[in-house]
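[1] Give me the fold of what follows.
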Amino acid sequence: LGKRFAARLVDSLVVGAVTAAAAVPFGTKAAAHVQDKIDAAKLSGRTETVWLLDGTTGLYLGIVLAVLLLVGVLYEVLPTAKWGRTLGKKLFGLEVRDIEGHEPPAFGAALRRWLVYTVPGLLGIGIVGVAWCLFDRPWHQCWHDKAAHTFVAG
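    Next up, the predicted model:
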């Protein structure tokens, strides 16, 4: 389980770093946009509601989420479907395999696996799904492996 955690950490850091590199400029623009709206409201002398999420900041958020999706598909989903491993798993000698065929999962299963890992992680409940493998028997599957009918072999 330690190798699985280390491999997942490497993979999450790579996807997170690339997404963060895209998010910083858009986050800066969004913060400046909101601050401009606050300053304009103060100068008007009226009480106004300033929404943090509007057409401009929503667009920036959408771009960052699109980058996350694209990087996740290119870095995690495609290599998992083709070779059964990502860079992190290769570094630690692990492979993702289909439970029934013991082959790398199909693209759909690899995508489902990544989405079930990522979406709860973004919502803050992903740790429960990852910790699930500590109690699961016999495959030690996390939620994302259960959803994709896969297991991690070392």
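[2] mind listing what the residue nearest to the spatial centre of the chain touches?
    What sits nearest the mean C-alpha location of the chain, by CA atoms, centre = their mean, is T118, with 3.6 Å. By CB atoms under 8 Å, 6 or more residues apart in numbering, the contact set of T118 is L68, G72, G126. Every C-beta, even on glycine, is put in place using the N, C-alpha and C of the backbone.
[3] Look up phi and psi at the residue of the chain positioned farthest from its centre.
    In the chain, the greatest distance from the average C-alpha position (CA atoms, centre = their mean) is reached by G45, at 42.8 Å. Dihedral angles of G45 (phi, psi; degrees, to the nearest 10) stand at phi 80, psi 0.
[4] And D98, by the same measure?
    Dihedral angles (degrees, to the nearest 10) for D98: phi -70, psi 140.
[5] re the thing from before, state the distance from the residue farthest from the centre of the chain to G124.
    Here G45 is placed at a distance of 40 Å from G124 (CB to CB, to the nearest Å).
[6] Done for today, thanks.
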